[in-house]
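Enquirer: next comes the sequence, and after it the predicted model I'd like to discuss.
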Amino acid sequence: MNRSIQRPFDDGSVRSSGRLDAVSGQLATRRPLVSVRRALSAQCTGYVCVNIDVSNSMLGEKLRGASAALASLAGELAASRALHMGLVTFHGSAAVHCPMQPAQNVATSFAGLCDSDIGPGGTNITAGIDLSATILSQVPVGAFKVLITMSDGEHNAASDPLAAADRVKAADVTHVCIAFGGPGEVDYSTLKRLASGPSFFQSAADNQALRDLFRRCGTTISKTVPQGINPHAGLGTL
């Protein structure tokens, strides 16, 4: 006679996970199926880390534009419970402004960036990329990972942002880079090389253009990831 073996699951519930064969006494578990389900679940989740320049040149109207763009992105991602969002800010160093969490939480609680978030020390894009990469390295295996880096200036720290960007690419992260400002204001060349490819580089001349770009990023991710589709291709055609 066979007997069900009851085991606690991660959510605290107890379900049958296999049967004990009366002859062999061996447990025929269903763990492989559980592993497959977990893997498929991870493939339908997405983690978006936004890496925002808050150096002195962002003071005032530009920072307000960046806040509106971030709110627009969070609003689009909040359409699905499968999507998560975190925010890193950088100037001479980098800091976690908003820990990685469900995008729905960010959409309802994000208060925006303010002038007090502006920091000294120039524009250290490397620090922002490295911190963002650390955050994305901690997400579930199999989940889709996206990094959006936005800067309105030129990297002027001693560290090499290209090496940091290469590490991101090696970790299977789609890296979208956005230059906020005109060709004479922003280092387009470096940001293009930091992105996953030339088509993953975008520029926004003003606040409205920046908001539209962030919204399109969010729409692309929210329409693909919950279906188990990698957003990489779509983010390269914004």
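Expert: All right, it came through fine.

Enquirer: secondary structure element for V146?
Expert: For V146, the enclosing helix or strand under DSSP states H and E is strand 144-151.

Enquirer: and that strand, what does it pack against?
Expert: Counting contacts by 3 or more C-beta pairs under 8 Å, 6 or more residues apart in numbering; DSSP states H and E, strand 144-151 packs against strand 46-53, helix 61-77, helix 125-136, strand 174-180, helix 188-194, helix 207-224. Yep, even glycine has a C-beta here, placed from its N, CA and C like the rest.

Enquirer: can you pull the contacts of the residue nearest the centre of the chain?
Expert: In the chain, the residue lying closest to the centroid (C-alpha atoms, centre = their mean) is V48, at 1.6 Å. For V48, the contact set (C-beta atoms under 8 Å, 6 or more residues apart in numbering) comprises L73, L77, L83, H84, M85, G86, A103, V146, L147, I148, C217, I221.

Enquirer: what distance do you get for it to H91?
Expert: Note on V48: its distance to H91, by C-beta to C-beta, to the nearest Å, is 22 Å.

Enquirer: please apply the same query to V168.
Expert: Taken as C-beta to C-beta, the span from V168 to H91 is 20 Å.

Enquirer: if we can go back for a sec, so which of the helices and strands packed on strand 144-151 is nearest D160?
Expert: helix 125-136 (6.5 Å; C-beta to C-beta).

Enquirer: now mean pLDDT and distance to V96 too, for the helices and strands packed on strand 144-151, in a markdown table please.
Expert: Shown next, in a markdown table, are the helices and strands packed on strand 144-151 (pLDDT from 0 to 100; distance: least, C-beta to C-beta, whole Å):
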| stretch | mean pLDDT | distance to V96 |
| --- | --- | --- |
| strand 46-53 | 98 | 10 |
| helix 61-77 | 97 | 14 |
| helix 125-136 | 98 | 7 |
| strand 174-180 | 98 | 18 |
| helix 188-194 | 95 | 20 |
| helix 207-224 | 98 | 19 |
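
Enquirer: make a markdown table out of the ones you listed and add distance to C114.
Expert: Conversion of the helices and strands packed on strand 144-151 to a markdown table gives the following (distance: least, C-beta to C-beta, whole Å):
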| stretch | distance to C114 |
| --- | --- |
| strand 46-53 | 13 |
| helix 61-77 | 7 |
| helix 125-136 | 18 |
| strand 174-180 | 17 |
| helix 188-194 | 25 |
| helix 207-224 | 16 |
